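**Student:** what follows is a predicted protein model with its sequence.
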Amino acid sequence: MVDYRTQGQIAILEVNNPPVNALSIHVRKGLDDGISRAVRDPSVKAVIVIGKGRTFSSGADIKEFNKPQEGPRLTMVGKKLEESDKPVVAAIHGTCLGGGLEIALFCHYRIAVKSARVGFPEVLLGILPGAAGTQRLPRVTDVAVAMEMISTGKHVPAPKALEYGILDKIVQGDLLEEAVKFAKSVMGKPVQPCRLSDQPVKGADRLVQVFDAAMRQVKQRQRGFMAPVVCLKAVRSAAELPYNEGLLRENTLFTELMSSSQCAALRYAFFAERAAQRWQLPSGASAANTKPVPVKSTGVIGAGTMGQGIAICLLRVDYPVILVEQNQKLLDKGVEMIQLAFKDAVRRKLMTEDAMRHCMSNISPTVDMQQLANVDLVIEAVYENVALKQDIFRKLDVICKPSAVLCTNTSTISIDIIASATKRPGSVVGTHFFAPAHIMRLLENVYSKDTSAQAVATVMDLGKKIGKVSVLVKTCHGFVANRMFHHQGQEAALMLEEGALPEHIDKVMEDFGMSIGPMKVSDLSGVDIGWRIRHEVAKMEGVELTSQTRFFRGERYCTLPDKLYELGRLGRKTGKGWYRYEKPGGRVAMVDDEVTNLIKKHSAEMGIERRGISTQEIQERILYPAINEGFRILEEGVAAKPEDIDVIWWYGFSFPRYMGGPMFHASQVGLSKVYERICYYHQNFPYSSHWVPSDLLRKLASAPSPVPISQWMSYSQSKL
Ligand SMILES: CCCCCCCC/C=C\C/C=C/C(=O)SCCNC(=O)CCNC(=O)[C@H](O)C(C)(C)COP(=O)(O)OP(=O)(O)OC[C@H]1O[C@@H](n2cnc3c(N)ncnc32)[C@H](O)[C@@H]1OP(=O)(O)O
C-alpha cells in the first residue's frame with residue numbers, strides 16, 4: 001500500500017492503492033511506518049511522498065466512513081510528517097484531494113506537475129476537511145481563498161495553487177526526478193519555517209468581512225445545505241483560536257457533520273452516481289463487455305429549442321453536426337439561436353472567440369435529410385408526436401448507413417413504437433435530454449425490447465463525452481423521469497383547484513430544498529409540452545380532451561393546465577405561464593393576478609370550495625406520488641435500481657443531492673410511514689391511480705425491520 005525505498009540520501013514513500021490512492025487503513029499505516037523508518041535512518045536526509053498510478057491521492061477512503069475507524073488517524077500520520085526534522089516533500093500529480101491535500105499540507109514542501117489539481121471536496125460529501133485541513137489551508141494561503149475552496153469543494157489547477165501559495169513549485173518532466181532534485185536542494189535547511197502549525201493565518205485582519213460575505217453567498221446558493229456553513233465556521237476558528245484549539249474545534253464540527261443525515265445522503269450519492277455508469281441489460285450485456293460504435297460525425301433533426309441545445313452539446317466537444325430542419329426559415333432561426341448561445345458563453349468567459357468560431361464551423365445546416373447518409377449517429381429532436389417521429393425514422397431507415405445509431409429525443413413515447421417504423425429496431429435508442437439541453441447534466445438513455453447492446457454502449461459513451469450523467473432505463477410511457485414527474489404535475493394541478501396557488505406550492509417545495517418548485521419547472525420546460533403529451537395520449541385512445549373533461553382514463557382530470565395553454569401562457573418562453581416574467585425568455589418569476597383569478601374562477605366553475613392546504617400536505621402530495629411511481633418503476637424493471645432513479649432526480653429535476661433523491665428520502669422517512677400516508681391519500685382520492693400503493697412498497701413496508709436501499713430489488717420478485 002506504501003512502498004518504501006531509498007535513492008541515495010532520500011527516502012521515497014510511494015502510495016500504491018489503485019485506482020485513486022484513497023487513504024485506506026493500510027495506506028495510513030504504510031505512511032506512518034515509512035516516515036518513522038526514514039526519521040530513524042541516519043543515512044536519510046530528506047523524504048518524498050508520491051503517488052503511484054494516475055494520481056497522488058483522492059483523499060480518505062469513503063468506503064471506510066460507515067465503519068469504526070481503525071489504524072493510525074490521518075492527523076497523527078500528518079503530525080509525524082510535520083515533526084520530522086528531515087525535509088518532507090509532497091510530489092503531486094493527478095488529483096490531490098481531501099485527506100490527500102491534508103497529507104501534502106503536513107509535508108514541508110509541495111511540488112506538482114502542471115496538470116495536477118488540488119482541492120477539498122469534502123463539502124460535497126457533507127463533511128469538512130477533518131484532518132487539520134480547515135486549520136492549515138488558511139495558514140498556507142489567504143483565509144478568503146481557504147473559505148472559498150473549502151466551502152465549494154472546487155478543484156484548483158496547479159498554476160492557480162502556486163499563485164495561492166499552496167504549492168512551492170511547478171515542475172516539468174519526470175515528477176520523481178524533479179522531486180529528488182528539489183529534495184536535494186532543501187536538504188539540511190531548517191524545516192521549522194515550513195511547519196504550517198507554527199504559522200499565523202493569512203488575512204486574519206479581514207476575517208469578519210470575508211466570513212460574512214462567504215456566509216451570505218453560501219446561504220443564497222445552497223439553501224438548507226449544512227456542510228458549507230459549518231466549513232466556514234471551522235475556517236473562521238483557525239483565525240480566532242491557537243492551532244491546537246482550532247484542531248479541537250474542527251474535530252467537534254467534523255463529528256457533527258459526519259453523523260448528519262445529509263452526510264449519509266451525499267455518501268450514498270457519491271457511489272450511486274458511479275454505480276449508474278455500470279449499466280447492464282437483461283440479456284447480460286453490460287458496460288464491461290460491450291464496445292460502443294465509434295462516432296465521428298453526427299446529425300440532429302429539428303432546430304427547435306431541444307435540437308439547438310443538443311447540437312450545442314455535440315459541437316462543444318468537437319463533433320461535426322449536420323443540422324436538419326424542414327424549411328430554411330426554421331433552420332436559419334435555429335442556427336442563429338445556436339450562435340447566440342455560443343456568443344453568450346464567450347461573453348461569460350466560458351469559451352474563447354476562437355473556440356466559438358471553431359464550433360460554428362462544424363455545423364452543416366440543411367433542409368435535405370439525405371445529407372445524413374454517412375453520419376455515425378443521428379439524434380431526432382422534433383416535437384412530441386408519434387406519427388411525425390415514426391415518419392422520420394422510416395426515412396432514416398432508408399437514408400442512414402447500416403452501422404448508424406438512430407436516437408430519438410422523445411421524453412415520453414415508447415421507443416418500441418418509434419423503432420417499429422424501421423427495419424432495424426436494434427439501432428434505435430432513446431436519448432432523452434432535459435431542457436435546456438446544453439445546460440442540464442442528465443441524459444436518460446432508453447432501450448427498447450430490440451435495442452442492441454452496442455447502441456446502448458454508444459449512447460452511454462456519448463453521454464460521457466458530452467459531459468452528461470447518463471442513466472440507462474427500459475422503455476415505457478414517460479420512462480423514469482417524466483413518468484414520476486407527471487404525477488407531481490397532476491397532483492399540483494389538483495391542489496390548485498382545491499385551494500393552493502402556484503407560489504404556495506413552489507415555496508413549500510423550495511423550502512424543502514428543491515432549487516425551483518414544480519410550477520416554475522413547468523414554466524421552464526414549457527406548458528405546451530405537457531399539453532401536447534396529454535392530448536397525444538388522449539388522441540391515441542380516441543378521446544378528445546376539452547374544458548368539460550372531468551375524468552380521463554377513469555381518473556380525476558384537472559383542466560387548469562389546459563386553460564393556461566389555451567391563453568398562450570406557455571411558460572418562460574412566452575414571458576407568461578404559471579407566473580409572469582420580465583420578458584419572453586425571462587427568468588424572474590412574478591406572481592400574476594391573471595393566474596390567481598383564473599385558478600379561483602376555475603375552482604368556482606368546478607363547484608369546489610377552496611381550502612387552505614398545509615405545508616405537510618403539499619410536500620406529501622408532491623413527493624409521495626412520485627415515490628410510489630418510483631417503486632412501480634422498480635417493480636417493472638424500468639429502472640434497474642433505486643440509485644438510478646435518484647441520480648435522475650438530482651440531475652434532471654435538481655432534487656437536493658444532500659437529501660439523497662426521492663427514493664433515498666423515502667428510506668429516511670421510513671417506508672412504513674410513506675406507505676401509510678400513500679394509503680391515506682388513496683382512501684381520500686380514490687380517482688387518482690397514482691395513489692394506488694405499489695406492491696413493492698407494500699412488501700418493503702411490511703418487512704420486520706427496515707430494508708437497506710441496496711437490498712430493495714431482492715423484494716421485487718418475492719411473493720410476500
Ligand atoms: C467515524 C468514521 C471515521 C472516518 C474517518 C475519516 C477520516 C477523515 C479525516 C479527514 C477528512 C478527510 C476526508 C476526505 O478526504 S473525504 C474524500 C475527499 N475526496 C473526494 O471526495 C474525492 C472523491 N473522488 C473523486 O472526486 C474522483 O473519484 C476522482 C477525481 C479522484 C477521480 O475521478 P475519476 O477518474 O472519474 O474516477 P471515479 O470517480 O470513477 O473513481 C474511480 C473509483 O475510485 C473510487 N473512489 C474515488 N475516490 C474515492 C475515495 N476517496 N474513497 C473511496 N473510493 C474512491 C470510486 O468510487 C470509483 O470506484 P467505483 O465506485 O468502484 O467505480
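**Tutor:** All right, it came through fine. All values reported here derive from a predicted model rather than from experimental measurement.

**Student:** same question for the helix or strand where A238 lies, mean pLDDT?
**Tutor:** Using DSSP states H and E, A238 sits in helix 226-240. Averaged across helix 226-240, pLDDT comes to 98.

**Student:** and the helix or strand that that helix is followed by, what does it pack onto?
**Tutor:** Following helix 226-240 in sequence order, the next helix or strand is helix 243-258 (DSSP H and E). The helices and strands touching helix 243-258, judged by 3 or more CB pairs under 8 Å, 6 or more residues apart in numbering; DSSP states H and E, are helix 133-140, helix 226-240. In this view, the C-beta of every residue, glycine as well, is placed from N, C-alpha and C.

**Student:** touching the ligand at all, the first one?
**Tutor:** No: using CB under 6 Å from any ligand atom, no contact is recorded between helix 133-140 and the ligand, whose separation bottoms out at 6.9 Å.

**Student:** quick check: mean pLDDT of that helix?
**Tutor:** On average, helix 133-140 scores 98.

**Student:** starting at the chain centroid, how far to that helix?
**Tutor:** Taking the mean of its C-alpha atoms, helix 133-140 sits 29 Å from the chain's own mean (CA atoms, centre = their mean, to the nearest Å).

**Student:** lowest mean pLDDT among the helices and strands of the chain, which one is it?
**Tutor:** None of the helices or strands of the chain scores lower by mean pLDDT, DSSP states H and E than helix 527-540, at a mean of 86.

**Student:** which residues of the chain lie near the ligand?
**Tutor:** 19-20, 22, 58-65, 69, 74, 95, 97-99, 121-122, 125, 129-131, 258, 271, 274.

**Student:** one more time with 5 Å, if that's ok
**Tutor:** Residues of the chain lying near the ligand by CB under 5 Å from any ligand atom: 19-20, 22, 58-62, 65, 69, 74, 95, 97-99, 121-122, 130-131, 274.

**Student:** quick check on those residues: which are buried?
**Tutor:** Of the members of those, the ones counted as buried by neighbours, 16 or more other CB atoms under 10 Å, are 20, 22, 58-62, 74, 95, 97-99, 121-122, 130-131.

**Student:** OK, now which residue of the stretch 501-650 of the chain is nearest to the ligand?
**Tutor:** Relative to the ligand, the nearest point of the stretch 501-650 of the chain is E643 (11.4 Å; CB to the nearest ligand atom).

**Student:** any idea which helix or strand carries that residue?
**Tutor:** Under the criterion DSSP H and E, the helix or strand holding E643 is helix 642-653.

**Student:** still on that earlier bit, check which residues of the helix holding A238 are buried.
**Tutor:** Buried-residue list, helix 226-240, by 16+ other CB under 10 Å: 226-239.

**Student:** and stretch 658-673, by the same measure?
**Tutor:** Of all the residues in stretch 658-673, those buried under the rule 16+ other CB under 10 Å are Y658, M659, G660, G661, P662, M663, F664, H665, A666, S667, Q668, L671.

**Student:** elements contacting the helix or strand harbouring A161?
**Tutor:** Using DSSP H and E, A161 falls within helix 158-164. Packing partners of helix 158-164 (3+ CB pairs under 8 Å, 6+ apart): strand 109-113, strand 117-119, strand 169-171.

**Student:** in that helix, which residues are buried?
**Tutor:** Neighbour counts using 16+ other CB under 10 Å place A158, A161, L162, Y164 of helix 158-164 among the buried residues.

**Student:** next, count neighbours for the nearest residue to the last one once chain neighbours are set aside.
**Tutor:** Yep, that's Y164 we're talking about. Computed as CB to CB, 6 or more residues apart in numbering, the closest residue to Y164 that is not its neighbour in sequence is T141, at 4.3 Å. Other residues near T141 number 21, with proximity taken as other CB atoms under 10 Å.
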